[in-house]
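Chemist: Show me how the following folds:
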Amino acid sequence: MVDGLEKQDAVKRKRHEVDRRSVLVVFITPRGQKLFAEHHQLHMKRTHDLSFSLPTQESGYLSVILTKMNLQI
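Modeler: This is a model prediction of the structure:
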């Protein structure tokens, strides 16, 4: 997964200064931040579109479930 993001210039790896075999940290690049913002905006629109078509009570249930799921991440 990180390999693919790195190929898209969405993240950069920083090697450990002493042990060059390991990666210390993965940094999100400005392009990665832009891609994330675009994805998040699409995700929010799709969630709104799905919940908008539900009856009010079911929309409330969906909101509670999604909130619980987001807390698990």
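
Chemist: looking at the chain, which helix or strand does the model trust least?
Modeler: strand 23-28 (a mean of 78; mean pLDDT, DSSP states H and E).

Chemist: Downstream of it, the next helix or strand is which one?
Modeler: As assigned by DSSP states H and E, the chain's next helix or strand after strand 23-28 is helix 30-52.

Chemist: what sits up against that next one?
Modeler: For helix 30-52, contacts defined as CB atoms under 8 Å, 6 or more residues apart in numbering pick out 5, 8-11, 28, 59, 62-63, 66. Quick note: C-beta positions are derived from backbone N, CA and C, even for glycine.

Chemist: 10 Å - rerun?
Modeler: 5-6, 8-12, 26, 28-29, 58-63, 66 (CB atoms under 10 Å, 6 or more residues apart in numbering).

Chemist: Can I get the buried part of these as one PyMOL selection?
Modeler: Applying 16 or more other CB atoms under 10 Å to the contacts of helix 30-52, the buried members can be selected in PyMOL as follows:
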select buried, resi 5+10+11
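
Chemist: Give me the subset of the contacts of helix 30-52 lying in helices.
Modeler: Of these, the ones assigned to helices by DSSP state H are 5-6, 58-63, 66.

Chemist: With distance to Val18 and pLDDT added, can I get those in TSV?
Modeler: As requested, those are exported to TSV (distance: CB to CB, whole Å; pLDDT from 0 to 100):
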residue	distance to Val18	pLDDT
Leu5	25	89
Glu6	22	89
Glu58	55	92
Ser59	53	88
Gly60	53	89
Tyr61	52	92
Leu62	49	87
Ser63	48	86
Leu66	43	86
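
Chemist: Adding distance to Phe36, write those residues out as CSV.
Modeler: Listed next are the ones in helices among the contacts of helix 30-52 as CSV, based on distance: CB to CB, whole Å:
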residue, distance to Phe36
Leu5, 10
Glu6, 15
Glu58, 29
Ser59, 26
Gly60, 28
Tyr61, 28
Leu62, 23
Ser63, 23
Leu66, 18
